[in-house]
Structure formats: structure tokens, C-alpha cells
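> Below are the sequence and a predicted model; questions follow.
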Amino acid sequence: MLSFKSNNDRGFSLIELAIVVCIIGIIAAIAVPNFLGLLNRNRINEGIEKLEGAIKESQRQAMRQGKMCRVNINPDTNIVTGNPTNCLLSDRAIRDDLTIRTNLSGNPPNINFSSKGNTTKMGTIVLSSDGTDTQKCFVISLGLGISRTGNYTGGKIGSVSANQCETIQ
């Protein structure tokens with residue numbers, strides 16, 4: 001048997017390898033910021049879902065138990081608690097890398113629910129992150145305690161307003 005070996009079977013040249021590495025580097029430079037932004041947006045979505053779940057659970061517990069329940073939202077610790085303790089089955093911890101701003105009154109800010117699920121407070125809670133421009137909001141109405149969530153279009157600092165919470169359709 002004769003074996004013919006071609007000189008073209010030597011592999012890749014250093015220039016070809018350098019070009020491929022540069023292309024991969026350019027693609028990574030474009031993709032990583034988009035991926036980090038997506039990650040931060042998902043963290044905000046998770047936080048607003050936890051917050052909304054805790055508030056609605058407290059409202060349900062007030063009606064189920066036939067007594068007043070309060071949910072406390074602490075922007076310093078990012079912990080949501082119930083008062084009395086059986087108004088929430090468990091405290092909710094919202095990620096430390098998220099910022100909570102609210103116009104609810106109280107120290108810590110809170111929402112009270114009567115035994116019928118009604119509330120005497122209305123307010124807005126906004127979650128944001130330094131890693132993205134996306135902000136999510138939760139708004140609760142006076143009286144019946146009807147709530148909604150949406151995208152917050154206001155600034156990342158200063159007071160918050162329900163008028164800048166655009167409901168997602």
C-alpha cells in the first residue's frame with residue numbers, strides 16, 4: 001500500500017487561530033452585557049412577585065382569620081414581615097442587590113388589611129437595581145385593596161408615584 005501525505009494537513013496557522021479568538025472575543029463583548037441585563041431584569045421580576053405574593057397572602061389571611069393583618073415592607077433590610085406573625089406564613093426576603101422605594105407611611109412602611117380584606121392605605125412600591133434601567137412597581141388602592149403591578153417609568157431616585165406605574169398588558 002502506498003501512502004500519500006499531503007503538506008496541507010498541518011492544522012491551523014497562528015494567524016487563523018488569532019482571527020477566531022478575536023471573533024469570539026467580539027461576540028462575548030456584545031453578549032455579556034445583554035446577559036447581565038437579562039439577569040438583573042429577572043431578579044427584579046422575582047422580587048416584585050415575592051412582594052406581591054406576600055401582600056396578597058396577608059390580605060387573604062386577614063379575611064380567613066377574621067382579624068386585622070399588617071404587612072411590613074422594610075426598605076433597609078429588604079424583608080417583608082407580617083404582624084401578627086400568623087398574617088404571613090413566612091417572612092419574605094427580597095434580594096439585597098435590589099432597591100425598594102415606597103410612598104407608604106409607617107416605620108417600617110406597611111399596609112393594614114381589615115377582616116374583610118379592605119385597607120385604609122394606598123401607595124406605591126418600586127423595585128430597581130443598579131444593573132439595569134428596568135424598574136417594577138406595585139400599586140395598592142384605598143378601600144378594597146385592589147392592586148396592580150407594572151413597569152415604573154419614573155426616575156431611580158426620589159419619591160415614587162402611582163401615575164408612573166404602567167400596567168403590563
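Yes, it's here. Everything numeric in this text was worked out from a predicted model, so none of it was measured. Numbers count the residues shown, from 1 in each chain.

> what's the residue closest to the geometric middle of the protein?
Geometric centre of the chain, nearest residue: Ile44, 1.6 Å, by Cα atoms, centre = their mean.

> Now the longest strand along the chain: buried residues?
When the chain is parsed with DSSP state E, its longest strand is strand 132-140. Under the neighbour-count criterion of 16 or more other Cβ atoms under 10 Å, strand 132-140 has 132, 134-140 buried. All C-beta atoms are positioned from the backbone trio N, CA, C, and that covers glycine.

> Neighbouring strands of it in the sheet, and parallel or not?
Applying DSSP bridges to the sheet, strand 132-140 is found paired with strand 123-129 (antiparallel), strand 147-152 (antiparallel).

> That one - what's its average pLDDT?
For strand 132-140, the mean pLDDT works out to 94.

> Which of the three states applies to Leu51?
With DSSP: H, G, I helix; E, B strand; the rest coil as the basis, the three-state label of Leu51 is helix.

> What of the one 5 residues further on?
Lys56 falls in the helix class when you classify it by three-state DSSP.

> show me the contacts for it.
By Cβ atoms under 8 Å, 6 or more residues apart in numbering, the residues touching Lys56 are Ser147.

> again, but for Gln65
By Cβ under 8 Å, 6+ apart, the contact set of Gln65 is 86-87, 115.

> How about Ile125?
Contacts for Ile125 were tallied using Cβ under 8 Å, 6+ apart; they are 51, 73, 100-102, 104, 109, 137-139, 160.

> Please identify which of those residues is nearest to Thr119.
Closest approach between the contacts of Ile125 and Thr119, by Cβ to Cβ: Leu104, at 10.5 Å.

> Distance of that closest one relative to Val139?
Counting by Cβ to Cβ, to the nearest Å, the separation of Leu104 from Val139 is 11 Å.

> Next: Ile26.
Applying Cβ to Cβ, the value for Ile26 to Val139 is 43 Å.

> Give me the neighbour count for Phe113.
26 (other Cβ atoms under 10 Å).

> Equivalent analysis for Thr77, please.
A count of nearby residues for Thr77, using other Cβ under 10 Å, gives 13.

> Which helix or which strand is home to it?
Per DSSP states H and E: Thr77 is located in neither a helix nor a strand.

> Got the confidence number for it?
What the model reports as pLDDT for Thr77 is 96.

> Please report phi then psi for it.
In terms of degrees, to the nearest 10, the main-chain angles of Thr77 are phi -110, psi -10.
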